[in-house]
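predicted model, plus sequence, below.
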Amino acid sequence: MSHKVRFLFCLVISISLFNSCISRLSRPAITGYIYNYDNTPVAGCKVAEAETDAQGYFYLEEQRTNRFLLTEMLSMEAPPVFFTLDIEKEGYQSYQNDFFQRHGGGRQKGALDNIDTLYIKRVGEQIPIERYLYEDWTFSANKNLDTLYGINKNYRIQNIISNTSGFQDKYGWGQVYRYKSTSIPDSSWSTESYDLLTSLDISLQKEGTYEGKKTRKYLNPWRHRKEYERTYREAYKIPSDSSYSKGRFTISGDIIRFDKRFVKANAVYQIDSIDRDILILICKPD
């Protein structure tokens, strides 16, 4: 094969690679339902370019773009996916929610996400505390139970209305107590560090009684020692511990008072926020 033929062959291959395209996801197909707080489907609600039907159902078609194969190969990873959903209906609050998937662009054709049921509020609608308070709640708490971030059986992490990223971060990890010994390591395995994750399961009944379980999980525990001017450490396990309590509580406005069995003392909490699936309580001085 002559040099000229080889050159032309390489040129054709290079041009083909440069002009070849690969399909990348811009937005997956999305399905779901829109309901109001009376648990009734909301028809005619605009979700991005679609509208809900009589059952509150909507469907958004998948969107894809073509990108040059060569540039995608050079990037060495699938591109991220970022898109916004606008939810609008006359007489209801408007919502705008951002979605981000770090390497979502690499998903295959036919990508579909079901975001289940979204509940939207009417303009000026107030949430009656008694409608949603009497539930089985699971709270993420700090070490002293000063602030409680709770969810119930209605909670769905993909519910973009009430479960903001800020709430999810606090519920998941924002309450972790990070313990680290300040003493200097010696020749024995004494000083240690760990992350303490505290959770609280409470069942609140309409007659004013509650049952609760407090659980403490020790994450990433390490022990430290010093030998010959060098510090060593080893991982080990600290078993979780739980305590149970039950008693009575009273409600006055947005204030909940638990008896001494709750945390070995009278506990007073203000309802900072309540929705059909989340509850935030802040401890107040008695």
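The structure has been received and is ready for your questions. Numbering: from 1, shown residues only.

in stretch 216-235, what's buried?
For stretch 216-235, the neighbour count (16 or more other C-beta atoms under 10 Å) marks Arg216, Lys217, Tyr218, Pro221, Arg223, His224, Arg225 as buried. (C-beta placed from N, C-alpha, C; glycine too.)

ok, now stretch 41-54?
For stretch 41-54, burial by neighbour count (16+ other C-beta under 10 Å) applies to Pro41, Val42, Cys45, Lys46, Val47, Ala48, Thr52.

show me those that map onto strands.
Lys46, Val47 (DSSP state E).

which two from the buried residues of stretch 41-54 end up farthest apart in space?
Pro41 and Ala48 (18.1 Å; C-beta to C-beta).

got the end-to-end distance for stretch 58-65?
By C-alpha to C-alpha, to the nearest Å, the extent of stretch 58-65 from end to end equals 23 Å.

chain center to that stretch: distance?
Offset of stretch 58-65 from its chain centre (C-alpha atoms, centre = their mean, to the nearest Å): 24 Å.

how about residues contacting that stretch?
Residues from elsewhere that reach stretch 58-65, judged by C-beta atoms under 8 Å, 6 or more residues apart in numbering: 23-34, 45, 47-52, 109-112.

who does Asp86 bridge with?
As for beta bridges, Asp86 partners with Gln96 under DSSP bridges.

that one contacts Tyr95, doesn't it?
Yes. Assessed by C-beta atoms under 8 Å, Asp86 is found in contact with Tyr95 at 7.4 Å.

ok, those two, which is more surrounded?
Shown here are Asp86 and Tyr95; by other C-beta atoms under 10 Å, Tyr95 has more neighbours (16 against 12).

got the contact list for the closest residue to that one other than its chain neighbours?
Closest residue to Tyr95 apart from its sequence neighbours, by C-beta to C-beta, 6 or more residues apart in numbering: Ile87 at 4.3 Å. Going by C-beta under 8 Å, 6+ apart, Ile87 touches Ile34, Cys45, Lys46, Val47, Ser94, Tyr95, Gln96, Asn97, Leu118, Ile120.

which one of those residues is nearest Glu229?
Nearest to Glu229 out of these is Asn97 (C-beta to C-beta; 54.8 Å).

phi, psi for Gln168 please.
Phi and psi for Gln168, reported as degrees, to the nearest 10, are phi -60, psi -40.

what about it, how many neighbours?
Neighbourhood size, Gln168 [other C-beta under 10 Å]: 15.

then Trp137?
Trp137: 24 surrounding residues under other C-beta under 10 Å.

which helix or strand contains the nearest residue to it once chain neighbours are set aside?
In space, Trp137 comes closest to Gly150 once its chain neighbours are excluded; the distance is 4.2 Å by C-beta to C-beta, 6+ apart. For Gly150, the element it lies in under DSSP states H and E is strand 147-151.

can you tell me the SS state at Pro185?
Under the three-state scheme (DSSP: H, G, I helix; E, B strand; the rest coil), Pro185 adopts coil.

mind listing the helices for the stretch 101-250 of the chain?
According to DSSP state H, counting those that start in this stretch, the stretch 101-250 of the chain carries its helices in the segments 129-132, 165-169.

any chance of those in JSON lines, plus distance to Gln205?
Shown next, in JSON lines, are the helices of the stretch 101-250 of the chain (distance: least, C-beta to C-beta, whole Å):
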{"stretch": "helix 129-132", "distance to Gln205": "12"}
{"stretch": "helix 165-169", "distance to Gln205": "25"}
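
so which of those is nearest Asn66?
helix 165-169 (31.1 Å).

elements contacting that closest one?
Counting contacts by 3 or more C-beta pairs under 8 Å, 6 or more residues apart in numbering; DSSP states H and E, helix 165-169 packs against no other helix or strand.

that one: which residues count as buried?
Phe167.

just the mean pLDDT for that helix, thanks.
Regarding helix 165-169, the rounded mean pLDDT is 75.

CA atoms only for it, dumped as CSV, please.
Provided in CSV are the C-alpha atoms of helix 165-169 (Å, rounded to 0.1, in the frame of the first residue of the first chain):
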residue,chain,number,x,y,z
SER,A,165,-32.1,18.7,49.7
GLY,A,166,-31.5,20.7,52.9
PHE,A,167,-33.9,18.5,54.8
GLN,A,168,-32.5,15.3,53.3
ASP,A,169,-29.0,16.3,54.3
